[in-house]
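>>> give me a model of this one.
(one chain, ligands or ions: 2)
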Amino acid sequence: MLKFLLPLLAVFLVSCAPAAKDAPRAERSFFAMDTYISMTACGDGADAALAEVQERIHAAERRLSVTLPDSEIHRLNAAGDADVSPETADLLRFALSMSDETDGAFHPALYPVLTAWGFTTPTQRVPSDEEIAALLPLTDLSRISVTGNHVTLTPGTELDFGAIAKGAAGEDAIQFLKSRGIPSALVNLGGNVQTLGARPDGSPWRVGLASPWGAEYLGLLESKDEAIVTSGSYQRFFEADGKKYHHILDPASGRPAESGLVSATVVTQNGARTDALSTALFVMGAEKAAGFWRRKRNFDFLLITTGKEILITAPLAKRFRLADEFQNLKVTVVK
Ligand code: ADP
Ligand code: MG
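Numbering: from 1, shown residues only. Ligands and ions are numbered 1, 2, ... in the order given. You can find the predicted model right below:
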């Protein structure tokens, strides 16, 4: 039985704030993309805009889901060759570039291996070494080609946007709200949080990062205009022979990544990129992730190790505060 914990990030929603208490405020929550989604927006037309965002999220799921039989990804995986929408083709190009950038840690074609473990199916199991070894060659990215809106997969290869779809949908939501003139909003797709602007009184949104230890939240992050995404081993997993197996695979081994991390939170200005990076950093582990950050410095992270240590990049540390009950954790600021 697959365990599945919600919500993944606590978000502190406050009203449309004292200074702008006359601004219309809308809220909406629903289930889609296999997770609980909640949104709040402040400003003229907020209610109608959120209704449209909900439709856009359902539409994104209908395009990108790997399990819905009519989705573009499902049809492409089954046929091996298909025309897809421009949005899906662009997301595939972006996913391939993220894989390249992260040296394969983010890998959008692990589906044959993922299903061998039974993730996304009703029953989970531990595949044999031989079974994994036989499937890994199918995940080679050279087996994918995308020209315009046409995608071809070498037989046996299957795409999976599970680690990027919610981030892409969150990004689309924010861009859409912006286009409707909404100045202030927060969208939470089961742990993929995006903030638009600040709260209407000008103070930052406050986002509670998930605690892997069951407490309400690990700490609070002040946030404006960005995406905050957490990937964790405690979110979706199954147990067999007393061992836990989680859903983030190390593309090199085809097994749940054992990188010494319990979770990886990433912050950047783009939702899809943040989602891809949170998965990638979880696979990399603390040391590689810190080296990667030092080379790039165009994102921030907060990592929690299995030894209960926190590593946080210096810019993020300035606006993050641990909850009182976690003040005794060891925190290393990465510079
Ligand atoms: P969640 O979907 O729980 O928020 P992630 O964004 O980390 O977490 O995505 C995990 C999902 O992505 C898995 O369920 C699987 O579908 C897929 N996946 C697993 N390992 C990888 C990987 N190394 N790179 C890309 N996608 C992955
Ligand atoms: Mg992800």
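>>> elements contacting the helix or strand T279 falls within?
Assessed by DSSP states H and E, T279 sits inside helix 271-284. With contacts taken as 3 or more Cβ pairs under 8 Å, 6 or more residues apart in numbering; DSSP states H and E, helix 271-284 sits against helix 86-101, helix 165-179, strand 192-196, strand 226-232, strand 261-268, helix 286-296, strand 300-305. Placement of C-beta: from N, CA and C, glycine included.
>>> does any part of stretch 163-182 sit near ligand 2?
Yes: for stretch 163-182 and ligand 2, the contact criterion (Cβ under 5 Å from the ion) is met by A163.
>>> could you list the buried residues of that stretch?
163-174, 177, 180, 182 (16 or more other Cβ atoms under 10 Å).
>>> kindly report the same for stretch 113-124.
V113, L114, T115, A116, W117, G118, F119, T120, Q124.
>>> so which residues make contact with that stretch?
Outside of stretch 113-124, the residues within contact range by Cβ atoms under 8 Å, 6 or more residues apart in numbering are 1-2, 66-67, 125-127, 131-132, 135-136, 139, 160, 162, 236, 238, 240, 245, 247, 249, 254, 256.
>>> pick out the residue of the stretch 101-250 of the chain closest to ligand 2.
Nearest to ligand 2, among the residues of the stretch 101-250 of the chain, is A163, at 3.8 Å (Cβ to the ion).
>>> give the contact list for that residue.
Taking Cβ under 8 Å, 6+ apart, we find A163 in contact with F106, P108, S231, I248, D275, A276, T279.
>>> in a markdown table, list these along with neighbour count and pLDDT.
Output for the contacts of A163, formatted as a markdown table (neighbours: other Cβ atoms under 10 Å; pLDDT from 0 to 100):
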| residue | neighbour count | pLDDT |
| --- | --- | --- |
| F106 | 27 | 98 |
| P108 | 27 | 98 |
| S231 | 27 | 96 |
| I248 | 26 | 98 |
| D275 | 32 | 98 |
| A276 | 31 | 98 |
| T279 | 26 | 98 |
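>>> out of those, which are close to ligand 1?
With Cβ under 6 Å from any ligand atom as the criterion, the contacts of A163 include F106, P108, S231, I248, D275, T279 near ligand 1.
>>> grab the most central residue of this protein for me.
D275 (3.5 Å; Cα atoms, centre = their mean).
>>> can you tell me how far the residue lying closest to that one once chain neighbours are set aside is from D324?
Once flanking residues are discounted, D275 sits nearest to G167: 2.5 Å by Cβ to Cβ, 6 or more residues apart in numbering. Plainly put, G167 is 31 Å away from D324 if you go by Cβ to Cβ, to the nearest Å.
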